[in-house]
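Q: structure for this input, please:
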Amino acid sequence: MGCHLVSKPVRPPEIIKFEGFELDLSTYELRRAGRVLKLERIPMEVLLLLIEQREQLIAREQIVERVWGHGVFLDTDNSINGAIRKIRQVLKDDPERPRFIQTVTGRGYRFIAPVASDGQSGRSRAEGIPSAVPRMIESQTPELSALSWPVKAAPTRVKRTNHRLAVSLTLSALVAIGSALWLARTTWLRTSAAPPIRSIAVLPLDNLSGDPSQDYFVDGMTDELITDLAKISALRVTSRTSVMRYRGTKKSLPEIARELDVDGIVEGSVMRSGNRVRITAQLLHAPRDQHLWAETYERDLGDVLRLQSEVAQAIARQVRAQLTPQQQAGFRSAPVVKPEAYEAYLRGRYYLSNQFTMAQPLNMAKSYFEESIRKDPSFALAYSGLADSYVYLAFFGQGLLPPDRAYRSAKEALRKAVELDDSIGEAHDTLGLLSWRFEWNWDAAEREFNRAIALAPSYSCAHEDRAEYLSFMGRRAEALAEIAKSNELDPGPSSAMTESGAYYQLRDYESLVESSRRGVASYPNEWVEHHSLGVGYEGTGKRLEAISEYQKAIEMSNGDQDATASLAHAYAVIGRRAEAEKILRDFERKSKGGYVSPYTIATVYAGLGEKDKAFEFLERAYQERSLDISWHLKADLRIDNLRSDPRFQDLVRRVGYPQ
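A: Residues are numbered from 1 along each chain as shown. The predicted structure follows:
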């Protein structure tokens with residue numbers, strides 16, 4: 001009797017078996033002894049591809065094209081190696097003596113274990129195979145249900161050798177169809193059902209080291225991950241000051257997402273043991289509390305910048321954010337840093353980030369950045385951090401550092417930072433501040449602020465500084481738009497102070513009162529908001545209320561000079577001359593042993609009506625290029641009684657204020 005060929009549709013097997021493992025295509029699960037083994041989507045799709053073309057060499061390029069598709073930025077070394085590593089961990093496969101996956105160095109991988117389908121060892125049923133994958137796809141992707149399964153069945157009677165060949169070819173075709181349809185389903189889900197993520201917040205990473213003294217290190221890792229993600233223009237990334245208040249929170253992820261107005265939440269942990277660091281991160285679609293991705297990364301401390309870049313890139317891939325070639329190059333070029341230098345850098349950032357308006361923490365930050373540079377003179381981020389500490393010491397250091405010295409030190413640190421790495425957005429933001437506040441070079445300031453935002457679109461400090469600069473330039477509409485942007489990124493105290501600063505520059509005292517009241521209510525311990533509220537009150541004629549706020553600001557800041565001068569001026573204009581003169585004498589006494597801004601002294605003399613003395617100290621401020629000249633001269637109500645004097649007009653001309 002001759003052989004009979006049966007031409008019935010063949011459907012893919014429901015279960016593929018190999019050496020005690022079961023791969024169930026209906027549930028997309030890998031099991032052993034009835035227990036489901038955890039294997040994420042990417043490794044699962046790689047495993048399906050290898051089984052589909054078992055005993056054939058699968059090139060890395062084939063894996064990328066099949067699993068990730070065309071036109072997707074991918075760090076292939078880490079992504080493919082990671083997927084293969086996870087498959088081997090689950091299968092308990094030894095790469096040196098493989099039973100399942102053989103590595104062909106420099107070329108690709110091969111699945112070498114014998115495979116059976118639907119529970120039949122060595123044979124494959126050609127008819128009656130359950131259509132689990134089609135049922136699953138039909139229920140979730142109706143437009144795919146019309147696909148047919150036109151695969152010819154194996155002969156009913158063949159010689160054993162031909163039978164094995166037919167089984168192999170049929171099984172390969174079946175697995176190919178099943179995995180192809182699964183990939184079609186997942187692709188469809190990614191593009192239609194997968195929740196879009198256009199904004200993201202990184203919650204404070206947990207310290208799993210069991211050592212509270214490592215909190216600074218974990219906070220620093222959180223900061224650096226936020227900084228890396230802030231470089232991705234396709235994502236809006238919430239600032240660190242806004243997320244840090246959620247440390248240890250009991251709020252649900254949907255609640256946090258609503259408060260921060262974000263789609264995605266990244267949470268995770270850091271474990272450090274000696275010079276080894278492990279980061280575990282997971283991405284969730286926050287409104288639905290839906291888990292999307294999780295991964296663990298481990299590196300030596302010296303390679304931690306590359307580790308952080310890998311995490312940021314992985315998150316970018318998961319949210320399908322398009323990276324520019326410059327962003328790709330930046331992530332790939334993360335340098336190696338000496339571990340002790342990185343530790344000192346994180347300590348410096350800890351002090352700079354948490355108490356940037358207080359003198360003592362700023363001095364601590366400066367010392368740690370200097371230590372970091374001593375340990376590793378090629379570490380660009382340490383120079384950028386050092387420049388920030390000098391600038392903030394000039395702003396809030398209560399006379400500990402003369403502005404000309406602060407400027408020269410900051411400028412030199414920034415020169416070195418951009419020489420080592422010109423892609424640091426923070427460095428260009430600080431260059432913008434120096435150009436504006438120290439050099440009085442308005443055009444250069446705007447260029448640097450724009451450059452900083454181009455390099456790090458979600459870097460909130462650059463948006464805040466640019467908002468205040470635009471207010472200083474009198475460009476109200478642009479300034480308010482930038483304030484709105486900074487509020488999106490950082491609905492926290494820094495953004496609140498920026499809004500108050502912008503209204504101060506615009507001399508909009510009613511709006512200043514309103515914004516400062518909100519700031520005081522939300523952040524009652526921020527002395528800057530109390531000072532701003534005092535200025536708003538004085539500008540609207542409420543001098544007694546202003547005096548109360550100035551006093552609070554002085555007490556909370558341990559005697560900030562600008563707040564003290566504001567109090568003295570207010571005393572003078574309401575007739576409490578003796579109290580104003582006492583403050584003036586204190587300033588003059590302190591100036592003999594430390595730095596007191598001549599501008600602040602000038603404002604007190606102006607309040608007392610002593611114009612000649614006021615102009616004498618304004619000239620001193622001009623000669624030393626005081627920071628107060630660039631911030632206050634256009635907007636300060638304390639010197640309004642000097643503005644009609646020709647000497648004032650001459651000063652404005654020499655400063656070169658934009659008209």
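Q: low-confidence stretches in the stretch 101-250 of the chain?
A: By pLDDT under 70, the weakly predicted segments of the stretch 101-250 of the chain are 117-194.
Q: which residue packs closest to Pro196, ignoring adjacent ones?
A: Using Cβ to Cβ, 6 or more residues apart in numbering and skipping the chain neighbours, the partner closest in space to Pro196 is Asp263 (6.8 Å). Every C-beta, even on glycine, is put in place using the N, C-alpha and C of the backbone.
Q: count of residues packed around that neighbour?
A: Burial of Asp263 is recorded as 20 neighbouring residues (other Cβ atoms under 10 Å).
Q: what segments of the stretch 251-400 of the chain are helices?
A: In the stretch 251-400 of the chain, the helices defined using DSSP state H, counting those that start in this stretch lie at 253-260, 304-318, 325-332, 339-354, 359-375, 380-396.
Q: state the distance from the residue nearest to Pro196 to Ala329.
A: 27 Å (Cβ to Cβ, to the nearest Å).
Q: those strands in the chain, which residues are they?
A: Taking DSSP state E, the strands of the chain run over residues 15-18, 21-24, 29-32, 35-37, 58-59, 101-104, 108-111, 116-117, 199-202, 206-207, 236-237, 264-273, 276-285, 290-300.
Q: ok, back up a step: the residue nearest to Pro196 against Ile200, yeah?
A: Yes: using Cβ atoms under 8 Å, Asp263 makes contact with Ile200 at a distance of 7.0 Å.
Q: okay, now the closest residue to Ala621 other than its chain neighbours: neighbour count?
A: In this structure, Ala621 finds its nearest non-sequential neighbour in Tyr599, 4.1 Å apart by Cβ to Cβ, 6+ apart. Neighbour count of Tyr599, defined by other Cβ under 10 Å: 27.
Q: one step back: lowest mean pLDDT across the strands of the chain, which one is that?
A: Ranked by mean pLDDT, the strands of the chain bottom out at strand 116-117, with a mean of 72.
Q: for the residue nearest to Pro196, give me its contacts.
A: 195-200, 257, 285-287 (Cβ atoms under 8 Å, 6 or more residues apart in numbering).
Q: with distance to Pro335 added, can I get these in CSV?
A: Listed next are the contacts of Asp263 as CSV, based on distance: Cβ to Cβ, whole Å:
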residue, distance to Pro335
Pro195, 35
Pro196, 34
Ile197, 29
Arg198, 30
Ser199, 29
Ile200, 25
Ala257, 34
His285, 33
Ala286, 33
Pro287, 38
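Q: which pair in those residues spans the largest distance?
A: Pro196 and Ala257 (13.5 Å; Cβ to Cβ).
Q: compare these two and say which one has the larger neighbour count.
A: Taking other Cβ under 10 Å, Pro196 and Ala257 do not tie; Ala257 has more neighbours (23 against 10).
Q: that one contacts Arg288, doesn't it?
A: No: taking Cβ under 8 Å as the definition, Ala257 is not a contact partner of Arg288, at 9.6 Å.
Q: and for those two, which residues touch both?
A: What both Ala257 and Arg288 touch, as defined by Cβ under 8 Å, 6+ apart, is an empty set.
Q: how close does the nearest residue to Phe395 once chain neighbours are set aside get to Leu401?
A: Leaving out its chain neighbours, the residue that sits closest to Phe395 by Cβ to Cβ, 6+ apart is Leu627, at 6.8 Å. To Leu401, Leu627 is 11 Å away according to Cβ to Cβ.
Q: shared neighbours, these two?
A: Jointly contacting Leu627 and Leu401 under the rule Cβ under 8 Å, 6+ apart are Ala394.
Q: which one of the helices of the stretch 251-400 of the chain has the poorest average confidence?
A: Lowest mean pLDDT within the helices of the stretch 251-400 of the chain: helix 325-332, at a mean of 77.
Q: just give the closest residue to Trp436, not the sequence neighbours.
A: Once flanking residues are discounted, Trp436 sits nearest to Ala445: 3.7 Å by Cβ to Cβ, 6+ apart.
Q: and the pLDDT for that neighbour?
A: Here the pLDDT value assigned to Ala445 is 96.
Q: quick one, what contacts it?
A: By Cβ under 8 Å, 6+ apart, the neighbours of Ala445 are 432-433, 435-436, 469.
Q: hmm, 10 Å instead?
A: 431-439, 465-466, 469, 472-473, 630 (Cβ atoms under 10 Å, 6 or more residues apart in numbering).
Q: neighbours of the residue nearest to Phe395, how many?
A: 21.
Q: quick check: it touching Tyr392?
A: No: Leu627 is beyond contact range of Tyr392, at 11.3 Å (criterion: Cβ atoms under 10 Å).
Q: residues in contact with the residue nearest to the spatial centre of the chain?
A: Centroid-nearest residue in the chain: Ile226, 1.9 Å away (criterion: Cα atoms, centre = their mean). The contact partners of Ile226, by Cβ under 10 Å, 6+ apart, come to 200-202, 237-240, 242-243, 266, 308, 312, 458-460.
Q: how about Arg374?
A: Shown in contact with Arg374 (Cβ under 10 Å, 6+ apart): 340-341, 344, 382.
Q: look up how far Tyr345 lies from it.
A: To Tyr345, Arg374 is 12 Å away according to Cβ to Cβ.
Q: which residues are common contacts for the two?
A: By Cβ under 10 Å, 6+ apart, the residues touching both Arg374 and Tyr345 are Ala382.
Q: quick one, grab the pLDDT at the residue nearest to Pro196.
A: Confidence score, pLDDT, at Asp263: 90.
Q: could you do Thr357 as well?
A: Looking at Thr357, its pLDDT is 57.
Q: what sits against Leu301?
A: So Leu301 contacts 217, 272, 274-277, 307, 337-343 (Cβ under 10 Å, 6+ apart).
Q: ranking those by neighbours, who comes first?
A: Greatest neighbour count in the contacts of Leu301, by other Cβ under 10 Å, goes to Tyr342: 26 neighbours.
Q: residues in contact with that one?
A: Applying Cβ under 10 Å, 6+ apart to Tyr342 gives the contacts 217, 220, 224, 277, 301-305, 336, 372, 375-376, 379, 381-382.
Q: narrow those residues to those that are buried.
A: Taking 16 or more other Cβ atoms under 10 Å as the criterion, what is buried in the contacts of Tyr342 is 217, 220, 224, 277, 301-305, 372, 375-376, 379, 381-382.
Q: and the nearest residue to Val652 once chain neighbours are set aside, its phi and psi?
A: Counting by Cβ to Cβ, 6+ apart, Val652 lies nearest to Leu633, which is 7.0 Å off, once chain neighbours are set aside. Backbone torsions for Leu633, taken as degrees, to the nearest 10, come to phi -60, psi -40.
Q: next, count neighbours for Leu633.
A: 21.
Q: so what pLDDT did it get?
A: Confidence at Leu633, expressed as pLDDT, is 93.
Q: got a list of what it touches?
A: Each residue near Leu633 by Cβ under 10 Å, 6+ apart is listed here: 599, 618, 621-622, 626, 639, 642-643, 648, 651-652, 655, 657.
Q: where's it relative to Pro493, distance?
A: 26 Å.
Q: cool, and Thr324?
A: The value you get for Thr324 to Pro493, if Cβ to Cβ is used, is 32 Å.
Q: ok, Asp640 next?
A: Asp640 is 29 Å from Pro493, by Cβ to Cβ.
Q: more neighbours, the two?
A: The neighbour count for Asp640 versus Pro493, taken as other Cβ under 10 Å, is higher for Pro493 (19 against 11).
Q: does the more buried one touch Ser460 like I think?
A: No: using Cβ under 10 Å as the test, Pro493 is too far from Ser460 to be in contact (11.5 Å).
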